[in-house]
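Engineer: One predicted model, sequence on top.
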Amino acid sequence: MFDLLLTDSQSSARAGVLHTAHGDIPTPIFMPVGTQGTIKATDHQRLVTDLKAPIILGNTYHLYLRPGTEVLSSAGGLHPFMQWPNALLTDSGGYQVFSLSHQRKLTEAGVTFQSHIDGSKHLFTPESVVDTQRIIGSDIQMMLDECTPWPCEFAYADTSLQLTHRWAIRGIQRFKETEPLYGFPQHLFPIVQGSTFPDLRTQSAEFIANLGAEGNAIGGLSVGEPDEELYAMTALVCNILPKDKPRYLMGVGTPANILEGIALGVDMFDCVMPTRNARHGILFTWEGIRNIRNARYKSDFSPLDPQSTLKEDQIYSYAYLRHLFVAEETLALQIATLHNLNFYLSLVREARIRILEGTFVNWKNKVIPALSTRI
């Protein structure tokens, strides 16, 4: 499934290729988040034609509730349902379920929760989550886990970790017992947990590594902990997980977070930040972070990014985009979303080029201060 092409001599950054039935994915890669079978505020076909996104992410919790497994099964899976030709990864829904702390009950069997849509009760088990993702037909599916909050007590994190491990064993067994439904192979990634406790992270990384899955994920981070903790736990886990398997850091993050994660040995990222921030008028650029609503852009007729390959970046000005946001026109959301996603995808593509050239670390250290600056 994964070919590791090169590891940087000055860091743990890696360039590779992730092989799926719906195309090869150059890594490191950022996966736009299409939670409910769509990237908010844009036509996802633009991601294929203009942004060249090789993979996006969907969510089992949301797709299970709406449109539901019956519709997805009748459609032949999520790929034909949403007319997406490239690869899909689905999160297990664990994060969404566990964020509903007042609407769920956790047991050894799984988690019982109330729908945020209509209050109906449902049960997710490690087995049912595999079954649901078989119906969705994602190229890469995630195991059910518990994402602990930050901060949390050591005892809670430990108990949660052991439950996640037991669920992983059951999930792998179910995956082995069942077959893909649509004629192409699927891959299952277990998830390392352990909050920000080094000994728990070590224990979990060793356990997950020994499961022999085709790829592994790092969960339970980017939930409010300081960046120093994020990087420390990521480095610890990456030093344990197999070098010949892809590593996926879930829910991360800012452009700086992504570049630092790449330097630590991560291959895959996802985050709602580029799309969510875009809908509030926040643009990520190579010069820094811009709030397009600021008055300074009222008469700034320079293009959003004349060097970009995205036509919106070349033809629309800051002044026009600001006007659209002030006027509450939906076109503003579309332009900003495409811009931010294009920037994130360009960021990881450039990182890959730099890794292959042997200039990654110097380049990363040079661009991060600007990327983190609010203009």
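Structural biologist: That came through, no problem.
Engineer: all helices of the stretch 51-200 of the chain, in order?
Structural biologist: Counting by DSSP state H, counting those that start in this stretch, the stretch 51-200 of the chain has helices at residues 60-65, 69-75, 78-82, 94-99, 126-136, 154-177, 198-209.
Engineer: Throw those helices into TSV and include mean pLDDT and mean neighbour count, thanks.
Structural biologist: Where you see a C-beta, it was placed from the backbone N, CA and C, and this is true even at glycine. Compiled in TSV, those are given as follows (pLDDT from 0 to 100; neighbours: other CB atoms under 10 Å):
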stretch	mean pLDDT	mean neighbour count
helix 60-65	95	23
helix 69-75	98	14
helix 78-82	98	19
helix 94-99	71	20
helix 126-136	98	23
helix 154-177	97	18
helix 198-209	98	19
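Engineer: and of those helices, who's closest to residue 371?
Structural biologist: With CB to CB, the closest approach to residue 371 among those belongs to helix 94-99: 25.7 Å.
Engineer: The helix or strand harbouring residue 314: how far from the chain's middle?
Structural biologist: In this structure, residue 314 sits in helix 311-315 according to DSSP states H and E. Centroid separation between helix 311-315 and its chain, computed with CA atoms, centre = their mean, to the nearest Å, is 26 Å.
Engineer: okay if I get the helices of the stretch 51-200 of the chain as TSV plus distance to residue 358?
Structural biologist: Output for these, formatted as TSV (distance: least, CB to CB, whole Å):
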stretch	distance to residue 358
helix 60-65	40
helix 69-75	45
helix 78-82	37
helix 94-99	37
helix 126-136	39
helix 154-177	37
helix 198-209	28
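Engineer: Which of the ones you listed sits closest to residue 303?
Structural biologist: Per CB to CB, nearest to residue 303 of the helices of the stretch 51-200 of the chain: helix 78-82, 31.3 Å.
Engineer: Output that closest one as PDB - backbone C-alpha positions only.
Structural biologist: Extracted as PDB, the C-alpha positions of helix 78-82 are listed here (Å, rounded to 0.1, in the frame of the first residue of the first chain):
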ATOM      1  CA  LEU A  78     -20.000   7.100  -1.300                       C
ATOM      2  CA  HIS A  79     -17.800   7.300  -4.400                       C
ATOM      3  CA  PRO A  80     -20.700   7.100  -6.900                       C
ATOM      4  CA  PHE A  81     -23.100   8.800  -4.600                       C
ATOM      5  CA  MET A  82     -21.100  12.000  -4.500                       C
END
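Engineer: Show me what it packs onto, helices and strands only.
Structural biologist: helix 69-75, strand 87-91 (3 or more CB pairs under 8 Å, 6 or more residues apart in numbering; DSSP states H and E).
Engineer: Minimum distance to residue 57: which of these has it?
Structural biologist: Per CB to CB, nearest to residue 57 of the helices and strands packed on helix 78-82: strand 87-91, 5.0 Å.
Engineer: quick one: strands adjacent to the closest one?
Structural biologist: When pairs are called by DSSP bridges, strand 87-91 turns out to pair with strand 55-59 (parallel), strand 140-142 (parallel).
Engineer: Could you check how far the residue nearest to residue 374 when sequence neighbours are not counted is from residue 254?
Structural biologist: Of all residues not flanking residue 374 in the chain, residue 289 sits nearest, at 4.9 Å (CB to CB, 6 or more residues apart in numbering). According to CB to CB, to the nearest Å, residue 289 and residue 254 sit 9 Å apart.
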